[in-house]
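# what follows is a predicted structure for the sequence shown.
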Amino acid sequence: DTGVSQDPRHKITKRGQNVTFRCDPISEHNRLYWYRQTLGQGPEFLTYFQNEAQLEKSRLLSDRFSAERPKGSFSTLEIQRTEQGDSAMYLCASSWLADTQYFGPGTRLTVL
Amino acid sequence: EDKVVQSPLSLVVHEGDTVTLNCSYEVTNFRSLLWYKQEKKAPTFLFMLTSSGIEKKSGRLSSILDKKELFSILNITATQTGDSAVYLCAGSRDDKIIFGKGTRLHILP
């Protein structure tokens, strides 16, 4: 399977805990995006990388959120001190420059 | 601020009907209009539209873009129960995609 993959697919955590998600993009894609989607809403942009450089961050990305793409391949999204409002589906997508973005299956986070 | 507005938000029709989903956008440095289908998982790509007036077709689905009116429609003819999903419209810029809230389509057998 050469699509975008994400791990884990589901994560249940207690409020205040830290969580980390991983995304592996399509190998030939140089851009990687993170989105958050809550019930009844479309995906909301969080941040994106071109190769290893993080080029933009949404103001939705509070200082509890951090994303990395250290070698320009896979990326991690960490949420520190999780809150119940962080419960959502976290989607990763990749593309070649600004071409069509292809999405991974998402990580569904539930904060209790 | 960039925005994408879809209508209707929800639609229920009978199998065999034809549906039209609407999308209006205001996106700075607009590059293309995208349609995705989402069925309880990640969005799957349907169409990318960059030029006005040129219809794109894929089976029973078709879409067209009006860059003057900042509007796009997605048509589905002879609907089937497998078409039940959320259809997302998005405007793309060089740096990101701005999604609408989606139209939830339910096809009754």
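Perfect, thanks for sending it.

# residues touching the residue positioned nearest the centre of chain A, list them.
In chain A, the centroid-proximal residue (C-alpha atoms, centre = their mean) is residue A:34; its distance is 3.6 Å. Contact criterion C-beta atoms under 8 Å, 6 or more residues apart in numbering or on different chains gives A:23, A:46-48, A:67, A:75, A:77, A:90-92 as the residues in contact with residue A:34. To be clear about C-beta, it is placed using only N, CA and C from the backbone, and glycine gets the same treatment.

# and the strands in the chain?
By default, I'm working from chain A. Remark: strands assigned in chain A by DSSP state E are A:5-7, A:10-13, A:19-24, A:31-37, A:44-50, A:53-57, A:65-68, A:75-79, A:88-95, A:102-103, A:107-111.

# that's the wrong chain, I wanted chain B
So, for chain B - with DSSP E - the strands run B:3-7, B:10-14, B:19-26, B:32-38, B:44-49, B:56-58, B:61-66, B:71-76, B:85-92, B:97-99, B:103-108.

# okay, buried residues for stretch B:42-56 please.
B:42-43, B:46-49, B:56 (16 or more other C-beta atoms under 10 Å in any protein chain shown).

# check stretch B:8-23 too.
Residues of stretch B:8-23 classed as buried: B:11, B:13, B:19, B:21, B:23 (neighbour count, 16+ other C-beta under 10 Å).

# who's residue B:61 bridged to?
According to DSSP bridges, the residues that bridge with residue B:61 are residue B:58, residue B:76.

# and the average pLDDT for stretch A:74-89 is what?
Here stretch A:74-89 scores 96 as its mean pLDDT.

# show the end-to-end separation of that stretch, please.
Between the opening and closing residues of stretch A:74-89 lies a distance of 19 Å (C-alpha to C-alpha, to the nearest Å).

# again, but for stretch A:7-15
Looking at stretch A:7-15, the gap from its leading to its trailing residue is 20 Å under the measure C-alpha to C-alpha.

# please apply the same query to stretch A:60-79.
Comparing the first residue of stretch A:60-79 with its last one, the separation is 12 Å (C-alpha to C-alpha).

# what sits against the residue nearest to residue B:55 when sequence neighbours are not counted?
Here the nearest residue to residue B:55 in space, its sequence neighbours aside, is residue B:64; by C-beta to C-beta, 6 or more residues apart in numbering or on different chains that works out to 4.7 Å. For residue B:64, the set of contacting residues under the criterion of C-beta under 8 Å, 6+ apart consists of B:49, B:53-56, B:72-73.

# could you list the contact residues of chain A toward chain B?
Taking C-beta under 8 Å from any C-beta of the partner chain as the criterion, the neighbours of chain B within chain A are A:4, A:33, A:35, A:40-45, A:48, A:55-56, A:91, A:98, A:100-106.

# can we see that at 6 Å?
Contact residues (C-beta under 6 Å from any C-beta of the partner chain) of chain A with chain B: A:41-43, A:45, A:56, A:91, A:98, A:100, A:103-106.
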